[in-house]
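Student: Any chance you can model this:
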Amino acid sequence: QVQLVESGGGLVQPGGSLRLSCAASGSVFSIVFMGWDRQAPGNQRELVATITSGETTNYVDSVKGRFTISRDNAKNTVYLQMNSLKPEDTGVYYCSGTIATMFNRTPGNYWGQGTQVTVSA
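Tutor: Numbers count the residues shown, from 1 in each chain. Purely as a prediction, here's the structure:
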């Protein structure tokens, strides 16, 4: 019913920048909440950043001041601008969304397949 597709991952040197995108498609009616998780090798998945429909944002302490989450409601897309990247930012980044569909107005949770971000010299 709803698909979340991430893009923008890759290999970057420490101190560099990347911009991740996540587009929601399918039978989207409204997007209540979107966010980005990440999972580093050997670690549990952690919530990195979130943004509400009212554009309130929240970040995990380790990325505050370096990452910025934003959304384009017309495109059903959320972005994660990542600056001053560190090796510890390496991991698979997953987009998530709490989305109501055309067929079910009760919002459900959806996740993308993930995009790899590697920060290395």
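Student: before we move on, which element is the spatially most central residue of the chain in?
Tutor: Centrality entry for the chain: nearest residue to the mean C-alpha point is residue 36, 2.9 Å, by CA atoms, centre = their mean. Using DSSP states H and E, residue 36 maps to strand 28-39.
Student: just residue 69 next, same as before
Tutor: When secondary structure is defined by DSSP H and E, residue 69 falls within strand 67-72.
Student: any residues touching that strand, and which ones?
Tutor: The contact list for strand 67-72 (CB atoms under 8 Å, 6 or more residues apart in numbering) reads 31, 34-36, 48-51, 55, 57, 59, 77-83. In this view, the C-beta of every residue, glycine as well, is placed from N, C-alpha and C.
Student: where's the residue lying closest to residue 4 once chain neighbours are set aside relative to residue 58, distance?
Tutor: Leaving out its chain neighbours, the residue that sits closest to residue 4 by CB to CB, 6 or more residues apart in numbering is residue 112, at 3.8 Å. Taking CB to CB, to the nearest Å as the measure, residue 112 and residue 58 are separated by 19 Å.
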